[in-house]
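**Q** Output the structure for:
(one chain, ligands or ions: 1)
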Amino acid sequence: FIDIRKLQPSTGMCTFDPGFGSTASCESSITYIDGNKGILLYRGYPIEELAAEGDFIDSTFLLLHGELPSKQEKALFEREIKYHTLVHEQLIQFYRGFRHDAHPMAIMVGVVGALAAFYPEVAEVRNPQQQLRACYRLIAKMPTLAAMAYKTSIGQPIIYPRNDLNYAENFLHMMFAVPSERYEVDPELAKALEIIFILHLDHEQNASTSTVRTAGSSQANPFACVASGIAALWGPAHGGANEAVLKMLEEIDRLGGVEQIPTMVARAKDKNDSFRLMGFGHRVYKSYDPRAKLMRQVTYRVLEKLGRKDTLLDIAMELEKIALQDDYFVKRSLYPNVDFYSGIVLRALGIPVEMYTVLFAMARTVGWVAQWKEMVADATGRITRPRQIYTGELRRKFIPVYERQ
Ligand code: ACO
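**A** Numbering: from 1, shown residues only. Got it, this is the predicted structure:
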């Protein structure tokens, strides 16, 4: 602790915690993580059980409402989500304004924020009914908006949602169906994608969720808050890591494959080199990320189903083996995180690399809105307003331009 009063007498007592490694910013009953034991629970339910036995609708309802839905609640909730999958036709014009090669995350930041223009009633953020409707709209419309970003980028007509399909199936349909051609969603691959979504739904106060809460603390509307979360997720230190991992593995492959791994590991350890092993390390997990374990299983399952081998998977497994035997990684408790295997499985599912972080954003929207809803329900909530340690000049006298050098 630094007593900031010695530096700035008017500030009062405060903590200095860059990166908030030791600061809890809120109370929350949504997600529990034990980083030392590698435990992740959504509302008390282990992620492993939700992924194996539940589905997207169960986990989403659970995160939003605190309990698993009854049969009837589940049917109603699913119907409600499907009711909101379409977007306003005028929003489609937005897509025409982007360059054809725009990164889909750039498009998502724009169009999700723009949703607020179509639902002006969300300005009333204290109205619980409006809050819930905005949460449902965001969850339902994200796959539509994401698939539209992809279709625009490849110059194909957009495909409208099909409400007879479930969340993951419908997303694959909107991504890969082409008018006038028959497209059948493979239910096994859609199930694998659904598990990937479940693993990404929420992760307590990470950078993007904290951003959503910070924006929401000013009573900004939920569409604007989620747009700010998408922006924060985009960076390679956070959700952008899945794209960065795949590019790193491709680079190792291009340079000669597994023999190149020791060079990459040496680079990651070199403090004069800004290179880091992407998909390794986590602020909270100091053991194996439980999501990464499940992601590796899904990867095997998908490759087996497709009857495919992937050299990038061989490289990833060898990289993990070498890094986990290296003193540098052992001492710092650096293990693979959720992003390490997700790129390989998404590639096998035919998802283009620029869409990886978009898929993360789609799933994490559930966590963002659950956290936003919890925050706005707390009437005692205060606007987020951290202090700082000022390191600049103290009072100086203004010098008119004609007297300056
Ligand atoms: N490769 C090499 N060294 C690393 C790595 C890595 N991937 N991650 C951390 N380190 C080292 C740091 O250099 C530091 O070393 P030092 O003690 O000698 O200075 C030490 O481990 C601690 O690292 P910090 O950066 O202080 O840890 P922090 O908690 O701030 O960062 C982060 C966590 C951003 C995830 C980091 O591990 C990283 O950059 N990893 C690669 C990017 C990545 O995979 N991000 C996805 C995270 S999961 C998610 O957002 C969904």
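**Q** Now the lengthiest helix in the chain: buried residues?
**A** The longest helix of the chain (DSSP state H) is helix 128-153. Residues 130-131, 133-153 are the ones in helix 128-153 that count as buried (16 or more other C-beta atoms under 10 Å). C-beta: built from backbone N, CA, C; applies to glycine.
**Q** same for that helix, what does it pack against?
**A** Applying 3 or more C-beta pairs under 8 Å, 6 or more residues apart in numbering; DSSP states H and E, one finds that helix 128-153 contacts helix 71-83, helix 92-96, helix 104-118, helix 167-176, helix 222-233, helix 356-377.
**Q** angle of it against helix 356-377?
**A** For helix 128-153 against helix 356-377, the angle by axes from the mean of the first three to the mean of the last three C-alpha atoms, to 10 degrees is 170 degrees.
**Q** Pick out the shakiest of the helices and strands packed on helix 128-153, pLDDT-wise.
**A** Ranked by mean pLDDT, the helices and strands packed on helix 128-153 end with helix 92-96 at the bottom, a mean of 92.
**Q** Could you list every helix and strand that it packs against?
**A** helix 104-118, helix 128-153.
**Q** List, one by one, the residues from the stretch 201-350 of the chain near the ligand.
**A** With C-beta under 6 Å from any ligand atom as the criterion, the stretch 201-350 of the chain meets the ligand at residues 237-239, 241, 268, 276-283, 332, 334, 337-339.
**Q** Quick one: buried ones out of those residues?
**A** 238-239, 241, 268, 276-282, 334, 337-339.
**Q** For residue 76, list the residues it contacts.
**A** Residue 76 sits next to no residue when contact means C-beta atoms under 8 Å, 6 or more residues apart in numbering.
**Q** and with 10 Å instead?
**A** 61, 69-70 (C-beta atoms under 10 Å, 6 or more residues apart in numbering).
**Q** okay if I get those residues as CSV plus pLDDT?
**A** Below are the contacts of residue 76 laid out as CSV (pLDDT from 0 to 100):
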residue, pLDDT
61, 98
69, 98
70, 98
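**Q** Which one (most neighbours) among these?
**A** Neighbour count (other C-beta atoms under 10 Å) singles out residue 61 as the most crowded of those, with 22 neighbours.
**Q** the helices in the stretch 301-405 of the chain, which residues?
**A** Secondary structure of the stretch 301-405 of the chain by DSSP state H, counting those that start in this stretch: the helices cover 311-324, 327-331, 339-348, 356-377.
**Q** got those helices as TSV, with distance to residue 23 columns?
**A** Shown next, in TSV, are these (distance: least, C-beta to C-beta, whole Å):
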stretch	distance to residue 23
helix 311-324	29
helix 327-331	25
helix 339-348	24
helix 356-377	16
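**Q** closest one to residue 17 among those?
**A** Residue 17 sits nearest to helix 356-377 of all the helices of the stretch 301-405 of the chain, at 20.4 Å, using C-beta to C-beta.
**Q** Show me what counts as buried in that closest one.
**A** Neighbour-count burial for helix 356-377 [16+ other C-beta under 10 Å]: 356-376.
**Q** Can you give me the distance of residue 154 to residue 148?
**A** Going from residue 154 to residue 148 by C-beta to C-beta, to the nearest Å gives 11 Å.
**Q** Pass me the low-pLDDT residue ranges in the chain, would you?
**A** Within the chain, the segments meeting pLDDT under 70 span 1-11.
**Q** How about the contacts made by the residue of it found nearest the ligand?
**A** When distances are taken as C-beta to the nearest ligand atom, the chain reaches nearest to the ligand at residue 281, 2.4 Å away. Listed by C-beta under 10 Å, 6+ apart, the contact partners of residue 281 are 237, 241, 268, 289, 329, 332-337.
**Q** taking those residues one by one, which sit in strands?
**A** Judged by DSSP state E, those include no members of strands.
**Q** got the phi/psi numbers for residue 39?
**A** Main-chain torsions, residue 39, degrees, to the nearest 10: phi -110, psi 140.
**Q** Run a quick neighbour tally on it.
**A** Neighbour tally, residue 39, other C-beta under 10 Å: 15.
**Q** just to revisit the earlier point, so which of the residues of the stretch 201-350 of the chain next to the ligand sit within helices?
**A** Per DSSP H, these map to helices at 241, 268, 339.
**Q** and the second one, what is it in contact with?
**A** It refers to residue 268. 248, 275-278, 280-281, 319, 323, 326, 328-329, 334.
**Q** again, but for the last one
**A** In this structure, residue 339 makes contact with 200, 236, 238-246, 278-280, 282, 289, 291-292, 295, 356-357, 360, judged by C-beta under 10 Å, 6+ apart.
**Q** Could you rerun that using 6 Å?
**A** Applying C-beta atoms under 6 Å, 6 or more residues apart in numbering, we find residue 339 in contact with 241-242, 245, 279.
**Q** Which two among those are spaced furthest apart?
**A** Taking C-beta to C-beta, no two of those sit farther apart than 242 and 279, at 7.6 Å.
**Q** Residue numbers of the stretch 1-150 of the chain in contact with the ligand?
**A** So the stretch 1-150 of the chain meets the ligand at residue 19 (C-beta under 6 Å from any ligand atom).
**Q** Residue 176: how many residues sit nearby?
**A** Residue 176: 18 neighbours (other C-beta under 10 Å).
**Q** same deal with residue 405?
**A** For residue 405, using other C-beta under 10 Å, the count is 3.
**Q** Compute the distance between it and residue 393, please.
**A** 17 Å.
**Q** now do residue 86
**A** Applying C-beta to C-beta to residue 86 and residue 393 gives a distance of 55 Å.
**Q** Please say which of these two ends up with more neighbours.
**A** Neighbours per residue, other C-beta under 10 Å: of residue 86 and residue 393, the larger number sits with residue 86, 14 against 6.
**Q** Spell out the secondary structure type for the more buried one.
**A** With DSSP: H, G, I helix; E, B strand; the rest coil as the basis, residue 86 sits in coil.
**Q** what's it sitting at in phi/psi?
**A** Torsion angles, degrees, to the nearest 10, at residue 86: phi -70, psi 150.
**Q** Now it. Nearest residue, chain neighbours left out?
**A** Once flanking residues are discounted, residue 86 sits nearest to residue 161: 6.4 Å by C-beta to C-beta, 6 or more residues apart in numbering.
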